[in-house]
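Participant: Got a predicted model here, sequence first, then my questions.
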Amino acid sequence: MDERILAILNASRADGWVMEPHAKDLLRTCGLPTTHFFWAKSLDASFQGAKEVGYPLVAKVVSPDILHKSDVGGVVVGVEDSRELEEVYRRMSGLKGFQGLLLDQMVQGVEMIVGAKEDPQFGTVVVVGIGGTSVEVYKDISIRMAPVSVAEAMNAIGSIKGRKLLDGHRGSEPANKEKLAELIGSFSQMAFDLRDEVESIDLNPVLCDREKAVIADARFVLKR
């Protein structure tokens, strides 16, 4: 295992899960594409990070005590300027375990979820489906055993009802399903390689447009 990956996992072991900035570093180390981001640990750093990421941006709380950021108001989409960013920073700094803001590039596209977990009978399984905040409502997923080839990933994509969104819905441009399938294939190999260390991984959303598929948010839950 790459020493950088092992260092990230070991540093997160006490909390039982990997905070998003570290999770994205881990994904990038494994060659997976993520949105451009900046971890701002102070208000001044937030202003500097916003220059690098660019407005409008997504601001998310970074805290080892907050696994589900949306549940506590820890995600703000479409921050337009430094005044709004300062308001978000000061409000979120009161959240439990606050360690700064993750400033994330805003990317448009079809929202997908790609995940993996350890099944006691089948081993590492990969889940592909329609993502975003609607994932628990639609429950439109396809499951495959890891590792998954690109051809198998394309088959999984084609088997979900929401594939029509990827094909182009009501005049929208079709998404690049080939890039999404490549991402799923690479992710499945990573999940398989980390099966002794990681209990589950959720990439939600993975944003897909005409040119690319990129990971906008990620959560790794570690084995105790």
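Facilitator: Structure's in. What do you need?
Participant: what's the neighbour count on Pro64?
Facilitator: 15 (other Cβ atoms under 10 Å). Glycine gets a C-beta too; all of them are placed from N, C-alpha and C.
Participant: do the same with His169
Facilitator: His169 has 13 nearby residues by other Cβ under 10 Å.
Participant: Likewise for Gly97?
Facilitator: 12.
Participant: Skipping adjacent residues, who's closest to it in space?
Facilitator: Spatially, and ignoring its direct neighbours in sequence, Gly97 is nearest to Asp65 (3.4 Å; Cβ to Cβ, 6 or more residues apart in numbering).
Participant: confidence score at Ser46?
Facilitator: Ser46 carries a pLDDT score of 98 in this model.
Participant: That one and Glu197: what is the separation?
Facilitator: According to Cβ to Cβ, to the nearest Å, Ser46 and Glu197 sit 32 Å apart.
Participant: Looking only at neighbour counts, state which of those two leads.
Facilitator: Ser46 (22 against 15).
Participant: looking at it, that one is touching Leu101, isn't it?
Facilitator: Yes: with contact defined as Cβ atoms under 8 Å, Ser46 counts as touching Leu101 (5.7 Å).
Participant: Residues in contact with both of those two, list them for me.
Facilitator: Ala40, Tyr89 (Cβ atoms under 8 Å, 6 or more residues apart in numbering).
Participant: count of neighbours near the residue nearest to Gly97?
Facilitator: Neighbour number of Asp65 under other Cβ under 10 Å is 12.
Participant: Following the chain past the helix or strand of the chain with the lowest mean pLDDT, name the next helix or strand.
Facilitator: Ranking every helix and strand in the chain by mean pLDDT, DSSP states H and E puts helix 135-138 at the bottom, with a mean of 57. Following helix 135-138 in sequence order, the next helix or strand is strand 141-145 (DSSP states H and E).
Participant: where does this protein have low pLDDT?
Facilitator: 133-138 (pLDDT under 70).
Participant: Longest helix in it, please.
Facilitator: helix 177-193 (DSSP state H).
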